[in-house]
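Enquirer: The following block contains a protein sequence and its predicted model.
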Amino acid sequence: MAQFFKAKPKSIRLKAITDCTVTQLDHHLHGVVKAGRETYFVADALPGEQIKIQPAGKSGPAKLLKRLTDAEQRIVPRCQFYRDCGGCSVQHLTAQDQRSFKQTAVASLISRLSAYEDLPEVEQEADQEWHYRRVSRLSTWFDNKQGWLVGFRQKASKQLTPISECMVLTERLSCLIVPLQHALRSWPKAVGLGHIDLIDCEPMVVCRIRLTKALASKWVASLSALAEQLNIALLLVEADKQQWLRGEQAFYQLDEQQLKLAFTPGDFIQVNASMNQKMVNKAIEWLELGSEDVVLDLYSGIGNFSLAMAQHSKQVIAVEGVAQMSEQLLSNAKLNGLTNILAYTGDLEDPETAKHWKNVKVSKVLLDPARAGAKLAISEVAKLSPSTLVYVSCNPATLARDAKVLNQAGYKLVKLALIDMFAHTEHVETMALFTR
């Protein structure tokens, strides 16, 4: 059969743009640059700086080639791995400046996309900026010369940056990185290491290691000895099977509510314990719960908000998409002596899930969705006409989108708060209070 030559389409490389001025930061804390009719977003660029960029396409992201001037707010990052590590992205700003820029960007985004005018002043909740993160996922990579490496992925890359410490991890987690690296480095490539989860919880730190194949008894014994030496719990994960080598439980506490929440490593929990406590406190304060309130908690997880709300209300109806977490929520309710919680499992993007609550007179609602937001659920909630709604969001763009639905349904946006859950990163946790 004849074969015909077909030339590959030429990739078009746009010309670099020199002497651009950064006008502002977006909600990812990327610098905004306008060049002609196009708008570009550039990481590690601050307002007022003159920069040279390489566009990746018309409008959208661009690569920073050179900074020609530095903004007054720019500081020297503290972390020795900052330039390569893909974890933190804004250590070139003080924590207070990070919050200030995030505050402005979040307010602008919500105002623009939700059609709410005259937004309330954005409150700020903050605590320690270093050694705050209690959950982390370390990547592994086998290097033919150095053996197994442990660290974080580089920015926009699959390449690994080996690290010896992490300044945003709690000290109990950061101090485990070097011992783990030393223990794993000499293992053969055939072992098939995946990622490593570290969780600072009670009664001891958990190290959860994912494997692509069964681990030989020699290496199981080695890991068990290491866990004993470090006094940590150790969990191996192969496919869908989890095996405790040391320890057998994990939990965290909400001290101000005197609540204990057990979870299975791999379940979602908030990464910042002190900010999570402040967030739960604020939700309880804003909802102003009373003994006759029936509260709907959507995306309820293991009960982070449900249990606290149940202490102040007649009943909590909790809905979660993962059956295991719904079961854990009920177990946590029992553990804490709470009998006024109903838990259901259902896809909150499926209208059928609303059958669990549509015939119940719900007075107040709390939502804590993932980054995708609550696109369908928010419409179902609006139909219930609760008097008060608290929306907890890790993505201000989807919060703004869903707020527009509430705006159209006649709700007022009464309060906004920026929760500094992820210091030194572009990410932000936001809370909004709606009433009618």
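Expert: Structure's in. What do you need? Numbering: from 1, shown residues only.

Enquirer: tell me the contacts of W357?
Expert: Residues near W357 by CB atoms under 8 Å, 6 or more residues apart in numbering: L296, I317, V319, L384. Glycine gets a C-beta too; all of them are placed from N, C-alpha and C.

Enquirer: want to throw those residues into a markdown table with pLDDT, secondary structure and distance to G86?
Expert: Converted to a markdown table, the contacts of W357 look like this (pLDDT from 0 to 100; DSSP: H, G, I helix; E, B strand; the rest coil; distance: CB to CB, whole Å):
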| residue | pLDDT | secondary structure | distance to G86 |
| --- | --- | --- | --- |
| L296 | 97 | strand | 37 |
| I317 | 97 | strand | 39 |
| V319 | 96 | strand | 34 |
| L384 | 93 | helix | 41 |
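
Enquirer: From the residues you listed, pick the one nearest K52.
Expert: Nearest to K52 among these, counting by CB to CB, is V319 at 50.2 Å.

Enquirer: Would you mind measuring from I75 to I163?
Expert: 21 Å (CB to CB, to the nearest Å).

Enquirer: what does V319 give?
Expert: 39 Å.

Enquirer: Ok, H427 next?
Expert: 20 Å.

Enquirer: Which one's more surrounded, the two?
Expert: Shown here are H427 and I163; by other CB atoms under 10 Å, I163 has more neighbours (23 against 19).

Enquirer: Would you mark the buried spots in stretch 400-412?
Expert: For stretch 400-412, burial by neighbour count (16 or more other CB atoms under 10 Å) applies to A400, R401, D402, A403, V405, L406, N407, A409, Y411.

Enquirer: Helices of this protein, residue ranges please.
Expert: 95-114, 171-174, 177-184, 217-230, 273-287, 306-310, 323-335, 377-384, 396-408 (DSSP state H).

Enquirer: Tell me what angle the last one forms with helix 377-384.
Expert: Read that as helix 396-408. For helix 396-408 against helix 377-384, the angle by axes from the mean of the first three to the mean of the last three CA atoms, to 10 degrees is 20 degrees.

Enquirer: Give the other helices and strands that helix 396-408 contacts.
Expert: For helix 396-408, the contact count by 3 or more CB pairs under 8 Å, 6 or more residues apart in numbering; DSSP states H and E identifies helix 95-114, helix 377-384, strand 388-393, strand 412-419, strand 429-435 as packing neighbours.

Enquirer: Next: the longest one.
Expert: Packing partners of helix 95-114 (3+ CB pairs under 8 Å, 6+ apart): strand 17-25, strand 122-125, helix 396-408, strand 412-419.

Enquirer: Kindly recompute the last result at 6 Å.
Expert: Contact partners of helix 95-114 among helices and strands, from 3 or more CB pairs under 6 Å, 6 or more residues apart in numbering; DSSP states H and E: strand 122-125, helix 396-408.

Enquirer: And H182, how close does it get to S164?
Expert: In this structure, H182 and S164 are 10 Å apart, going by CB to CB.

Enquirer: If we ignore the residues flanking it in sequence, what's nearest D420?
Expert: Nearest residue to D420, sequence neighbours excluded (CB to CB, 6 or more residues apart in numbering): A126, at 4.0 Å.

Enquirer: Now for that neighbour, how many residues are close by?
Expert: Number of residues near A126 (other CB under 10 Å) recorded here: 17.

Enquirer: so what's the nearest residue to L25 once chain neighbours are set aside scoring on pLDDT?
Expert: Of all residues beyond its chain neighbours, the one nearest L25 is F101 (4.9 Å), with distances taken as CB to CB, 6+ apart. pLDDT for F101: 96.

Enquirer: Next: A2.
Expert: 45.

Enquirer: what are the ranges of the strands in the stretch 151-300 of the chain?
Expert: Secondary structure of the stretch 151-300 of the chain (DSSP state E, counting those that start in this stretch): strands located at 160-162, 193-199, 206-211, 233-238, 241-246, 251-254, 259-262, 294-298.

Enquirer: what about the residue nearest to L25, how many neighbours?
Expert: 21.

Enquirer: From H28, how far off is it?
Expert: Taken as CB to CB, the span from F101 to H28 is 10 Å.

Enquirer: same deal with L296?
Expert: According to CB to CB, L296 and H28 sit 31 Å apart.

Enquirer: So between the two, which is more surrounded?
Expert: Using other CB under 10 Å as the criterion, L296 and H28 rank with L296 on top: 26 against 18.

Enquirer: how about the nearest residue to Y411, chain neighbours excluded?
Expert: F434 (4.2 Å).

Enquirer: Which strand residues bridge the one you found?
Expert: L389, L413 (DSSP bridges).

Enquirer: Let me know whether it touches T388 as I believe.
Expert: No. With contacts counted by CB atoms under 6 Å, F434 stays clear of T388, the gap being 7.3 Å.
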